[in-house]
Structure formats: C-alpha cells, structure tokens
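Peer 1: here you go, sequence then predicted model.
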Amino acid sequence: MHIVTRTSVTAATCLAAAAFLAAPVFSQQAAQSGRRIGSTQRIAVGDAIKGGDMNIATGSTDFAGEWVVYDEEERELGNFTGIPHSEAGRMRAETHDASEWSTPEFQCRPHPMLAQWRASGAVRIRKDVDPVNRSVTAYRVTFVRGLDDRVIYLDGRPHPSEYAPHTWYGFSTGEFRGNTLIITTTHLKEGYFDWNGNSVSDKAKVTEWWVRHGNFLTITLMHEDPVYLSEPFMQSISYLLDTHTEVEYFPCTVITEITSGRFPHHLPGKNPYLREYAEDNGIPYEAARGGAETMYPDFRLKMRGTGRTE
Amino acid sequence: MSTERAIMRMTRHTLTRGGCAVALVLLAVVSGVDRLAAQQAAQPGIQVLPVQGNVYLLGGAGGNISISTGYDGTLIVDAGRADMSAAVLDNLEQLATLVQLPFFPLAPCVGPRCPGGAGTGAYTGAGWWTSQAVNGMVHSPGALKPLRFIVNTSGDAEHAGGNPAVRAAGMTFTGGNVARGAGGEGVGAEVWAHEAVLSRMVGEKVDVDRHAQMTYDTPKYKWNGFFNGEGIELIHVPAASTDGDTIVYFRYSDVISTGDVFSIDRYPAIHIDRGGSIQGTVDGLNRILDMAVAQNKSQGGTYIVPGHGRVADIGDVANYRNMVIRVRDRIQDSIKNGQSLQQVRAARPTLDFDGMYGSPDAFIEAVYRSLSTR
C-alpha cells in the first residue's frame, strides 16, 4: 500500500511537472499561431484589394460580452486631488454647481465617455464582423445608463472632418498591439470626467488601452486636454465578466425642475462648499485644489514645508 | 484612382475635402473636366459635408454656408466672404452635380445572394435592363437647376460679402408678365434678409450689389411653398448679434442654420452699435434650444449649422448658452461692484472658456457695454 502510494505520488508529480513545463510551450505555440494567421491574413487581403485601405483587425483577444464594474472611485465635491488642472480647468471646476443637472437640456445628458467607464455599473461589448473575411471591423459598447452605441472602428478609417458633429462618446478608432486594443477618441462634446465639476473640453483627446486577463477587463485611459489640463491624466478601472447580467433599457424623461430662468453656477471665488472635502478629511486645501504638482510625491514634501498635516 | 473606388468613396456620404476631391475625380472621369480638380486643390480651406436630409454645409469660406439643392434648384443660407466667391461657386456646382445628376453606381454586389436580398445590389429598383441602367453606362448628365435663393443671416461681410458674385451666378424665375418663356430671364439669384439688414446696409452705404432685394419685417417668415420638398422658415432674432439676425429652419430636414446668433468656435460677436445685446444673444440661443429636439439623451435629432465652426446639436447649444450666461453673470457682478471695463478684463472672467472660444476682448467689452446701458 505504502509502495503503491509512493509510486502514485511520484507519477502524479512527474505528470504535473511535465504539464507545467509543456503548458507555456503550447500557449506560446498557440499565440504564435494566432499571430502568424493574422499576419498572413493581412498580407493576403491587402494583396487582393490593391489600393484598398481596409484594415484587418488581427488581435487575438475577444472583448465581447457583458461586464460589471469591479472597482470604482467617486470624487466628492471639492476633491480635485491629483488632477492636473490647468488654470482654466480649476476655475471651471470651482465654479461648477451640481444644480445644472436641473436644466432641461442636461436632465437626460449621459455621462460623457471619460466619466462613463467609471459610472457604468455594467457594460455590453459587441462585435461587428465582416461577413466576407470574418474579421472584427468594430466593437460596439453599450453602457447601462448611457447611449445605445459607442462604436470603436477597427477597419482603419480616418477620423472625421473638423466640421463634423461632436458627441458625448466621441469618434473612436482602435488597433491591436499584441493582445491590447489601443483606442483613440476625438470629436468629444464639452462635458465632464467627474461629477464634481472636472470638465472636458471639445478639444480633448483620449487614448484607451483595453487589456483582458481571463475574466478581468482593465481599461486604462490617458486623457489629454489642451484647455482644462496642463498634463495628461491617467485613470484605470477594471470590469469582471458576468454572464448573468443584463444591460437594461434606461429611459429618461425631461420635466420642469427649474423655474428661475437662470443657469446654476457659482461666481469665481464664491463657491461656499469647496473647503468641505479638505476639512472633513484633514487634507491641506492647496492639495485638494489639484494641479499637476499634486500628482507627484514631491508635493508631500512641499506640504510638509508648510507645517500642515497630511 | 479607379471609378469604382471613387464610387465607393462617394457612397460613404462623406463629402469632406477629400470627398470633394474624389467627387472631382468622378466628374473628370465622367465628363473629362479635370480642370476642376486643380481648382479644388487650390482651395484647401473649403469643406463640404452632408448635415441631414436636404441640407449640406460648406465651411471655410468665411461664415458657414448651408445648402439645399435638389429638383427645385439651390438655396443657400449666406454667401461667405467676397474673396471666396469663386471657390464657393465651384463647390456649389460640384455638390449640385452630385445631388441633382446622380451617377448611377455600378452595384458592389448583384443578384439574390447579396446582403439585403435580391435586387438590392442591382442598378435600380426597376431591374437590370432599364433606361436608367443604360443611362448609367452611357452617362450624359442633364443641365443643373440654378442657384435661386440666398438668405443672409446678417449683413456681416463674412456672411453677405459674397452676395454680388454668388448672386450673379444664379437665376430668378420671374416668368409671368416680367419676361417671356417658362422660367423667365436670368437676373441673378434672389437675396433675402430681414428688413433691418437692408436698412443698415443702406445707412452704411454698402455697395448696392450686396443688398438684399427681398426682405421681411415680421417675427417669422414662412417660405411661400416647399423648396426641395420641405418648408423653410426665416425667424427673426431681435437684438442678438445685430438687430437683423435671421435663423433659418429647414423643417423636414430638421436643420437650423443660425448665423452669428450661435458660433461654436468663438465667443458671440455682439455688435452693440448695430442693435446687438447680451440678453438678445441669450434669448436667441434659448430660441434655438426651444426649436431643437434631441434624438436621444441631449444628442443628435435637430442639427444646427452655426455661423462658424462645426455642425452642432442641442447639447452643444446648451453648453454654449451656459457659457454665455456664466460670463454675463460674472461681468454683471463686477459691474455691481463698481468695476471698470479695464478691471473686468483684468479679472479674466472668461478664463475657463478662452481655450475653446479664443480671444475674449471684444466679447467682454460688448457684454460690459450691453449690461452698463440697460
């Protein structure tokens, strides 16, 4: 019995070791095979349609499915820490009044793209497939509380004319680098990337990196805005694949909420709520006001120099 | 570039500068007129793109020009700057050729197995061997319908400067007792504007060639019949940029052409000396918001061609209106506190919007003067 057990254990260990050693080899072969097929496809189709400008998406990662947000962060009123606001961005944020949501035009306003990832709750990602060559020509993203379709074109089309309309989600094109989908978005409407007044201009550009690790989807966003930011701003958020979730219909009805005829906003320097976050959390007000330097560790030293607590 | 490829491009319905270049290639292939391609290349600023329904936008010739072209001919809202008239006329002709005299495309897929089913890829809905199909192969386009109407949203040189040359290239169907023949003589297109525009042009001794021949002096003027299948309304916006501003509503296409009441890429141009005011500007923007309907969630639906800049919708106009109100309120507060114009400028009340709308000097001064004289 004892001998049999030892033999079994030895055999099992050897098998496990063999499997462990072999697995990466198989994985690598599969990955290489995928890349090779993709490359061949690109060349073959490219040769076949001489002069054509259609790209063939060759990524081996599938992002389609229903996903639910795995982690999220909400910013309180007056919390602008770590945001590289320009002077204009700070002024815009500090004069923001959340009552603007009462105006008829904004009651049904969806979260703009930058805020949407961090506010979605759930998201459905679908694929458009070319019926001829079966390549993925676009991803379509539906956020639970947003517009029906955010399209990410993968077919190599250019971004539209400067005279084309801007939208809440902008115009997006993507391409695979390995297993990462890199997306560029322009033509965004003026909007916000946080609920507390952090604003996005219509000149902003967003780069996204979509990475999937098993059932996790991580979205990393680099947000560049020559109007409201002095440096690029990076954010990321993760989603979990959920085969039981539904992205439900999300209607909206406009009603009369404001009768004064005025548009709610604070005059510069007269927003009475800006210090609440800093005071409640024991954070220096200068840090709470944000700015590029608050993104870097050296800012702590500067704050220590003021004698303030962190 | 092959004809087939040019047709594929055309069907994308994107008549941007590149699209227009391709349209030119199409014309060259079909009619052998490659001279136009060289002209287009010499007009790098001009862009033409579809807006919605019957309406197209021509940008880059001064103020934006909205275009309705079809079986009734062509109507344009504004004529651009005087120095851009040749380019405007070239592009109007190219667009009218594409819209009025369509080149029947050879289908990308024919037969019952095409996506969409049988017949969807054939030459025409009527079948293969029809006169239209023959015409598609033996292409010989008919004559273009003329440019018949120009509506000036204001008398500003960016919008009405091109009136003389553009008008001269058009035609008014006089008929009846005025001239013999079915359509009458070509006497140039008819130029429309609000009465106040003509009054100021006369008062300012503007060259008579730029004048409107037809004016209205009511709050709204309904076009006297459908044009290219839809009703058109001219709506007077009193005291916005000037006292003679007109916004034009294409009712079926659901497009509003705003002139300088709304320009998405710059601060409002308020000409106090010509009857403009900050409150009139806010009222004008609210009027546009009242007329526009979103397709869904403050986006799409009614499209708006601004006086300058890109095509917009209700969400964009709301953002712009909110900016104007913020700045107005800030300057009003400064005036209440006794600040001079120089002090207001020094306080930079538009700092958070300058990156989107450019230099604020004229706007701040206009708002200050407008609020100070109330």
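Peer 2: All right, it came through fine. Residues are numbered from 1 along each chain as shown, chains lettered A, B, ... in the order given.
Peer 1: A:Thr294 should be in a strand, yeah?
Peer 2: No: A:Thr294: not assigned to a strand; according to DSSP: H, G, I helix; E, B strand; the rest coil it is helix.
Peer 1: so where's the stretch 51-200 of chain A shaky on pLDDT?
Peer 2: Within the stretch 51-200 of chain A, the stretches with pLDDT under 70 are A:51-59, A:120.
Peer 1: can you do 80?
Peer 2: Residue ranges of the stretch 51-200 of chain A with pLDDT under 80: A:51-60, A:71-74, A:119-120, A:148.
Peer 1: name the element whatever residue of it ends up closest to chain B belongs to?
Peer 2: Proximity of the stretch 51-200 of chain A to chain B (CB to the nearest CB) peaks at A:Glu105, 3.6 Å away. C-beta here means a position set from N, CA and C on the backbone, and glycine is covered the same way. Following DSSP states H and E, one finds A:Glu105 within helix A:104-107.
Peer 1: just checking, what packs against the helix or strand just after that helix?
Peer 2: The element immediately downstream of helix A:104-107 (helix or strand, assigned by DSSP H and E) is helix A:113-116. With contacts defined as 3 or more CB pairs under 8 Å, 6 or more residues apart in numbering or on different chains; DSSP states H and E, helix A:113-116 has these neighbours: strand A:191-192.
Peer 1: and the strands in the stretch 101-250 of chain B?
Peer 2: B:147-151, B:190-194, B:214-216, B:220-222, B:232-237, B:245-250 (DSSP state E, counting those that start in this stretch).
Peer 1: cool, chain A as well?
Peer 2: Remark: strands assigned in chain A by DSSP state E are A:65-69, A:122-129, A:136-143, A:150-153, A:171-177, A:180-186, A:191-192, A:199-200, A:205-213, A:216-224, A:233-241.
Peer 1: can you list these in JSON lines and add mean neighbour count and distance to chain B?
Peer 2: Formatted as JSON lines, these follow (neighbours: other CB atoms under 10 Å in any protein chain shown; distance: least, CB to the nearest CB, whole Å):
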{"stretch": "strand A:65-69", "mean neighbour count": "19", "distance to chain B": "20"}
{"stretch": "strand A:122-129", "mean neighbour count": "17", "distance to chain B": "12"}
{"stretch": "strand A:136-143", "mean neighbour count": "21", "distance to chain B": "11"}
{"stretch": "strand A:150-153", "mean neighbour count": "20", "distance to chain B": "12"}
{"stretch": "strand A:171-177", "mean neighbour count": "18", "distance to chain B": "12"}
{"stretch": "strand A:180-186", "mean neighbour count": "19", "distance to chain B": "12"}
{"stretch": "strand A:191-192", "mean neighbour count": "22", "distance to chain B": "8"}
{"stretch": "strand A:199-200", "mean neighbour count": "24", "distance to chain B": "8"}
{"stretch": "strand A:205-213", "mean neighbour count": "18", "distance to chain B": "14"}
{"stretch": "strand A:216-224", "mean neighbour count": "18", "distance to chain B": "13"}
{"stretch": "strand A:233-241", "mean neighbour count": "17", "distance to chain B": "16"}
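Peer 1: quick revisit: count the neighbours of the residue of the stretch 51-200 of chain A closest to chain B for me.
Peer 2: 21 (other CB atoms under 10 Å in any protein chain shown).
Peer 1: my read is that it contacts B:Ala318, right?
Peer 2: Yes: the pair formed by A:Glu105 and B:Ala318 meets the contact definition of CB atoms under 8 Å, at 3.6 Å.
Peer 1: need the pLDDT of the closest residue in space to B:Gln339 that isn't next to it in sequence.
Peer 2: Nearest in space to B:Gln339, with sequence neighbours left out and distances taken as CB to CB, 6 or more residues apart in numbering or on different chains, is B:Ala347 at 7.2 Å. The confidence metric pLDDT takes the value 97 at B:Ala347.
Peer 1: surely B:Ala347 is in contact with B:Ser334?
Peer 2: Yes: using CB under 8 Å, B:Ala347 is in contact with B:Ser334, at 6.3 Å.
Peer 1: who's more crowded, the two?
Peer 2: Taking neighbours as other CB under 10 Å, B:Ala347 and B:Ser334 compare with B:Ser334 leading, 21 against 17.
Peer 1: which of the three states applies to the more buried one?
Peer 2: B:Ser334 - assigned by three-state DSSP - is helix.
Peer 1: picking that back up, list the contacts of the helix holding A:Glu105.
Peer 2: For helix A:104-107, contacts defined as CB atoms under 8 Å, 6 or more residues apart in numbering or on different chains pick out A:100-101, A:252, A:254-257, B:289, B:298, B:314-315, B:317-318.
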